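Trainee: Sequence first, predicted coordinates after that:
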Amino acid sequence: GAGVSQSPSNKVTEKGKDVELRCDPISGHTALYWYRQSLGQGLEFLIYFQGNSAPDKSGLPSDRFSAERTGGSVSTLTIQRTQQEDSAVYLCASSFSGRGDTEAFFGQGTRLTVV
Amino acid sequence: GENVEQHPSTLSVQEGDSAVIKCTYSDSASNYFPWYKQELGKGPQLIIDIRSNVGEKKDQRIAVTLNKTAKHFSLHITETQPEDSAVYFCAASPPGQNFVFGPGTRLSVLP
């Protein structure tokens, strides 16, 4: 595709359920980022993948959050036992090369609502 | 680690006037400074970026200036139009590290 694709665009889940959010980066981009954006707030870094290297998970807020990236392409962010404070827009971005030195292209985001 | 501050948090200007948003960063090693525009319901999009080896960059109505000594950089939008209304984020990144974003500025261009 032409850009970063995220699915679903909206997700409503009950407190305590697990959710999976998907990100399809731009083809050929080796770097992939996940960010969280609470209503009216800035961008909170969650996790970073670069090629086959071990991911930088330093931004994950708790052990309920995990992410994987299969085959260096598609990434899935999983939130287990969701809580109301997890409600936010989850943004995925990819870039052609290394960490923080080239343009990051963002997807439209997944709006997660935990009720 | 890097810390980025951004001011103002909200900015209202009359159509046709200029808008200026300022950011400061803490890590003198940071060498890449992008600016992103986020419209309602969309992901952020890069509008301009600057690297530490230049002091100014311009693209039509948008310009960015960088003062490495003072560790601050600014976004300048001239002849503002209603479609410039959005949230703007600055970011800084030290070599080999993640982007650190500022908290954002909500710009409203009044017709």
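Mentor: Sure, I can see it.

Trainee: what residues does chain B put near chain A?
Mentor: Residues of chain B lying near chain A by CB under 8 Å from any CB of the partner chain: B:31-32, B:34, B:36, B:41-46, B:49, B:89, B:93-104. C-beta: built from backbone N, CA, C; applies to glycine.

Trainee: Need the residue closest to the centroid of chain A.
Mentor: Among the residues of chain A, the one closest to the centroid is residue A:34, at 3.2 Å (CA atoms, centre = their mean).

Trainee: hey, what's that one bridged with?
Mentor: residue A:47, residue A:92 (DSSP bridges).

Trainee: Residue B:94 contacts residue B:29, doesn't it?
Mentor: Yes: counting by CB atoms under 8 Å, residue B:29 is a contact partner of residue B:94 at 4.4 Å.

Trainee: Ends of stretch B:80-100, what's the gap?
Mentor: 27 Å (CA to CA, to the nearest Å).

Trainee: buried ones in it?
Mentor: The neighbour-count check on stretch B:80-100 (16 or more other CB atoms under 10 Å in any protein chain shown) flags B:80, B:84-94, B:97-100 as buried.

Trainee: ok, now stretch B:32-39?
Mentor: So for stretch B:32-39, counting by 16+ other CB under 10 Å, buried means B:32, B:33, B:34, B:35, B:36, B:37, B:38.

Trainee: Could you do stretch A:97-104 as well?
Mentor: Buried residues in stretch A:97-104, counted by 16+ other CB under 10 Å: A:99, A:100, A:101, A:102, A:104.

Trainee: need those in TSV with distance to chain B and secondary structure, can you?
Mentor: Listed next are those as TSV, based on distance: CB to the nearest CB, whole Å; DSSP: H, G, I helix; E, B strand; the rest coil:
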residue	distance to chain B	secondary structure
A:99	6	coil
A:100	3	coil
A:101	5	coil
A:102	8	coil
A:104	7	coil
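
Trainee: Dump the residues you listed to a markdown table, plus distance to residue B:58.
Mentor: Formatted as a markdown table, the buried residues of stretch A:97-104 follow (distance: CB to CB, whole Å):
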| residue | distance to residue B:58 |
| --- | --- |
| A:99 | 27 |
| A:100 | 23 |
| A:101 | 22 |
| A:102 | 20 |
| A:104 | 22 |
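
Trainee: which one of these sits closest to residue A:72?
Mentor: Relative to residue A:72, the closest of the buried residues of stretch A:97-104 is residue A:99; by CB to CB it sits at 15.2 Å.

Trainee: Quick check: residues of chain A near chain B?
Mentor: A:4, A:33, A:41-43, A:45, A:48, A:56, A:91, A:93, A:98-109.
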